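Undergrad: Give me a 3D structure for the following:
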Amino acid sequence: MSGFARRLAGFPWREFAADAFSRVFLIAQAVCAVHVVNAHVCSLAVVTGPSMLPSMNLAGDVVAVDRVSARLGRVASGDAVLLISPEDPRKPVVKRVLGMEGDAVTFLVDPGNSDESRTVVVPQGHVWVQGDNIYASRDSRHFGPIPYGLITGKVFCRSSMAMVCLVSLTLNF
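TA: Numbering: from 1, shown residues only. Presented below is the predicted three-dimensional model:
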């Protein structure tokens with residue numbers, strides 16, 4: 001037998017395989033934990049577009065979303081929420097809750113062109129949401145009250161994209 005074959009035969013393959021398996025298992029556990037926290041406890045989302053001006057930047061903000069509050073029914077009028085768009089279920093959007101079930105909400109029908117207003121009573125199990133920029137937001141004024149089940153979380157912290165990029169660049173050096 002050659003020297004290479006003897007060294008290969010003397011290698012502790014079982015220990016190597018056991019160590020590799022335990023490391024892979026540890027990584028799998030970490031990935032599962034991150035998924036559970038992201039999907040059910042807290043996550044980050046990027047908000048872009050004009051509908052939440054001036055509260056959020058047009059160029060984009062990173063928001064932290066509390067996913068527990070929505071499940072426990074702790075969303076109230078005035079909260080900014082992350083929800084599934086009723087017009088495009090693949091698109092998450094951020095809007096502000098202006099009315100809970102049973103509330104009467106008065107809104108301008110076409111704020112850019114007239115002063116006509118309407119009042120609606122939010123039905124049971126629904127909420128009324130609007131963007132902070134009423135001139136450039138598709139919200140409950142267009143698609144009506146949304147089911148509470150479309151709310152996936154409550155925004156509790158925001159940071160501008162510029163700040164996130166600056167911190168990222170700083171940490172890389």
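Undergrad: End to end on stretch 5-23, go ahead and measure it.
TA: Stretch 5-23 has an end-to-end distance of 28 Å (Cα to Cα, to the nearest Å).
Undergrad: And the average pLDDT for it is what?
TA: The pLDDT scores in stretch 5-23 average 81.
Undergrad: mind listing the helices for this structure?
TA: According to DSSP state H, the chain carries its helices in the segments 3-9, 13-40, 67-72, 140-143, 161-172.
Undergrad: Contact partners for the most centrally placed residue in the chain?
TA: Central residue check for the chain by Cα atoms, centre = their mean: the C-alpha nearest the mean position is that of A45, 4.3 Å away. Contact analysis of A45 by Cβ atoms under 8 Å, 6 or more residues apart in numbering lists 62-63, 65, 82, 92, 94. The C-beta positions use only the backbone N, C-alpha and C, and glycine is treated the same way.
Undergrad: what bridges to it?
TA: For A45, the beta-bridge partners under DSSP bridges are V63.
Undergrad: ditto for A80
TA: R96.
Undergrad: wait, isn't it in contact with L98?
TA: No - the criterion here is Cβ atoms under 8 Å, and A80 misses it with L98 at 11.1 Å.
Undergrad: more neighbours, the two?
TA: A80 (23 against 19; other Cβ atoms under 10 Å).
Undergrad: how much space between that one and N113?
TA: 27 Å (Cβ to Cβ, to the nearest Å).
Undergrad: Same check on P145?
TA: Distance of P145 to N113, given as Cβ to Cβ: 23 Å.
Undergrad: repeat for A45
TA: Distance, A45 to N113, by Cβ to Cβ: 32 Å.
Undergrad: Mind listing what's buried along the strand ranked longest in the chain?
TA: What stands out as the longest strand in the chain, according to DSSP state E, is strand 151-160. Residues 151-155, 158 are the ones in strand 151-160 that count as buried (16 or more other Cβ atoms under 10 Å).
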